[in-house]
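J.: please work out how this folds:
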Amino acid sequence: MYCSRYLDKEFQTPVLLTEYFHNPTLVGYNPFIAPDGSYLLFTAQDSLHISFRKEDGTWTDRINLGGAINASRVNGSPRVTVDGKYLFFVSAGSNRPWAIYWVSAAFIDRLRAEHLPTSGE
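T.: Below you'll find the predicted structure:
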(Lines give C-alpha, C1' and ligand atoms only; values in the text may rest on other atoms or scores of the structure.)
Protein backbone atom coordinates (compact mmCIF):
# COMPACT_ATOMS: atom_id res chain seq x y z
CA MET A 1 0.00 0.00 0.00
CA TYR A 2 1.18 3.49 -0.81
CA CYS A 3 0.37 7.00 0.38
CA SER A 4 0.44 10.15 -1.73
CA ARG A 5 -0.02 13.59 -0.19
CA TYR A 6 -2.20 16.07 -2.06
CA LEU A 7 -0.27 19.34 -2.07
CA ASP A 8 -0.63 22.45 -4.23
CA LYS A 9 -3.43 20.89 -6.29
CA GLU A 10 -1.47 17.77 -7.22
CA PHE A 11 -0.58 14.40 -5.74
CA GLN A 12 3.02 13.97 -4.66
CA THR A 13 5.19 10.95 -5.43
CA PRO A 14 3.68 7.87 -3.73
CA VAL A 15 5.57 6.50 -0.72
CA LEU A 16 5.30 2.97 0.64
CA LEU A 17 2.95 3.14 3.63
CA THR A 18 5.29 1.18 5.89
CA GLU A 19 8.04 3.75 5.25
CA TYR A 20 5.75 6.78 5.42
CA PHE A 21 4.34 5.84 8.82
CA HIS A 22 7.41 3.90 10.04
CA ASN A 23 5.22 0.91 10.84
CA PRO A 24 6.16 -2.44 9.24
CA THR A 25 2.75 -3.99 10.08
CA LEU A 26 0.96 -1.78 7.55
CA VAL A 27 1.59 -4.20 4.69
CA GLY A 28 -1.35 -5.43 2.67
CA TYR A 29 -3.80 -4.67 -0.09
CA ASN A 30 -7.48 -3.70 -0.67
CA PRO A 31 -7.24 -0.67 1.64
CA PHE A 32 -10.23 1.31 2.85
CA ILE A 33 -9.52 4.49 4.79
CA ALA A 34 -12.21 6.12 6.91
CA PRO A 35 -13.48 9.40 5.46
CA ASP A 36 -12.08 11.23 8.50
CA GLY A 37 -8.74 9.39 8.19
CA SER A 38 -9.04 7.84 11.65
CA TYR A 39 -8.68 4.19 10.65
CA LEU A 40 -7.50 1.98 7.84
CA LEU A 41 -9.04 -1.40 6.97
CA PHE A 42 -7.04 -3.72 4.71
CA THR A 43 -6.26 -7.30 3.79
CA ALA A 44 -3.00 -8.96 4.85
CA GLN A 45 -2.15 -12.65 4.85
CA ASP A 46 -5.72 -13.40 3.64
CA SER A 47 -7.28 -11.82 6.75
CA LEU A 48 -8.90 -8.46 7.37
CA HIS A 49 -7.08 -6.03 9.65
CA ILE A 50 -7.54 -2.54 11.02
CA SER A 51 -5.10 0.14 12.13
CA PHE A 52 -5.99 3.36 13.95
CA ARG A 53 -4.38 6.78 13.56
CA LYS A 54 -2.97 8.03 16.85
CA GLU A 55 -3.07 11.64 18.01
CA ASP A 56 0.61 12.08 17.07
CA GLY A 57 -0.11 11.01 13.45
CA THR A 58 1.44 7.53 13.75
CA TRP A 59 -0.63 4.37 13.40
CA THR A 60 -1.26 1.39 15.64
CA ASP A 61 0.11 -1.97 14.60
CA ARG A 62 -2.40 -3.84 12.50
CA ILE A 63 -5.13 -5.63 14.43
CA ASN A 64 -6.57 -8.86 13.02
CA LEU A 65 -10.38 -8.68 12.97
CA GLY A 66 -10.60 -12.29 14.18
CA GLY A 67 -12.81 -15.26 13.46
CA ALA A 68 -16.12 -13.44 13.78
CA ILE A 69 -15.27 -11.65 10.52
CA ASN A 70 -12.40 -13.59 8.91
CA ALA A 71 -13.04 -17.01 7.39
CA SER A 72 -10.37 -19.67 6.95
CA ARG A 73 -9.48 -19.07 3.28
CA VAL A 74 -10.35 -15.74 1.64
CA ASN A 75 -11.11 -12.35 3.17
CA GLY A 76 -10.83 -9.03 1.42
CA SER A 77 -12.17 -5.82 -0.06
CA PRO A 78 -13.38 -4.20 3.17
CA ARG A 79 -15.71 -1.22 2.66
CA VAL A 80 -17.69 0.70 5.28
CA THR A 81 -20.99 2.31 4.30
CA VAL A 82 -21.14 6.10 4.03
CA ASP A 83 -23.11 6.32 7.27
CA GLY A 84 -20.43 4.25 9.04
CA LYS A 85 -22.91 1.63 10.22
CA TYR A 86 -21.90 -1.47 8.22
CA LEU A 87 -18.79 -3.23 6.96
CA PHE A 88 -19.07 -5.11 3.65
CA PHE A 89 -16.36 -7.61 2.68
CA VAL A 90 -15.68 -10.68 0.56
CA SER A 91 -15.08 -13.92 2.44
CA ALA A 92 -14.93 -17.70 2.06
CA GLY A 93 -13.91 -20.57 4.27
CA SER A 94 -14.61 -24.11 5.34
CA ASN A 95 -17.97 -23.15 6.90
CA ARG A 96 -18.68 -20.11 4.75
CA PRO A 97 -19.32 -20.08 0.99
CA TRP A 98 -17.66 -17.39 -1.12
CA ALA A 99 -19.89 -14.32 -1.00
CA ILE A 100 -20.13 -10.69 -0.06
CA TYR A 101 -20.94 -10.39 3.65
CA TRP A 102 -21.89 -7.51 5.89
CA VAL A 103 -21.76 -6.90 9.63
CA SER A 104 -22.36 -4.02 11.99
CA ALA A 105 -19.35 -1.67 12.03
CA ALA A 106 -19.83 -1.06 15.78
CA PHE A 107 -16.79 -3.28 16.41
CA ILE A 108 -14.59 -0.46 15.04
CA ASP A 109 -15.37 1.81 17.99
CA ARG A 110 -14.87 -1.08 20.43
CA LEU A 111 -11.45 -1.86 18.94
CA ARG A 112 -10.54 1.84 18.91
CA ALA A 113 -11.33 2.10 22.63
CA GLU A 114 -9.32 -1.05 23.32
CA HIS A 115 -6.23 -0.14 21.29
CA LEU A 116 -6.00 3.64 21.53
CA PRO A 117 -5.32 5.35 24.83
CA THR A 118 -7.71 8.17 25.62
CA SER A 119 -6.38 11.71 25.99
CA GLY A 120 -4.81 12.32 29.35
CA GLU A 121 -3.50 8.77 29.88
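
J.: in the worst-scoring helix or strand of the chain on mean pLDDT, what's buried?
T.: Least confident element among the helices and strands of the chain, by mean pLDDT, DSSP states H and E: helix 17-20 (a mean of 80). Within helix 17-20, the residues that qualify as buried are 17, 18, 20, counting by 16 or more other C-beta atoms under 10 Å. From N, CA and C alone the C-beta is placed, and that goes for glycine too.

J.: for that helix, name the packing helices and strands.
T.: Judged by 3 or more C-beta pairs under 8 Å, 6 or more residues apart in numbering; DSSP states H and E, the packing partners of helix 17-20 are strand 2-3.

J.: the helix or strand following the strand it packs on packs against which elements?
T.: Using DSSP states H and E, the helix or strand that directly follows strand 2-3 along the chain is strand 6-7. Applying 3+ C-beta pairs under 8 Å, 6+ apart, one finds that strand 6-7 contacts no other helix or strand.

J.: which SS state does residue 111 fall under?
T.: Per DSSP: H, G, I helix; E, B strand; the rest coil, the local secondary structure of residue 111 is helix.

J.: doesn't residue 50 make contact with it?
T.: Yes - using C-beta atoms under 8 Å as the test, residue 111 is close enough to residue 50 to be in contact (6.2 Å).

J.: and for these two, which residues touch both?
T.: residue 63 (C-beta atoms under 8 Å, 6 or more residues apart in numbering).

J.: ok, those two, which is more surrounded?
T.: residue 50 (23 against 17; other C-beta atoms under 10 Å).

J.: excluding its backbone neighbours, what's nearest the residue most central in space within the chain?
T.: Centroid-nearest residue in the chain, with C-alpha atoms, centre = their mean: residue 41, separated by 1.3 Å. Leaving aside its sequence neighbours, residue 41 sits nearest to residue 78 (C-beta to C-beta, 6 or more residues apart in numbering; 4.0 Å).
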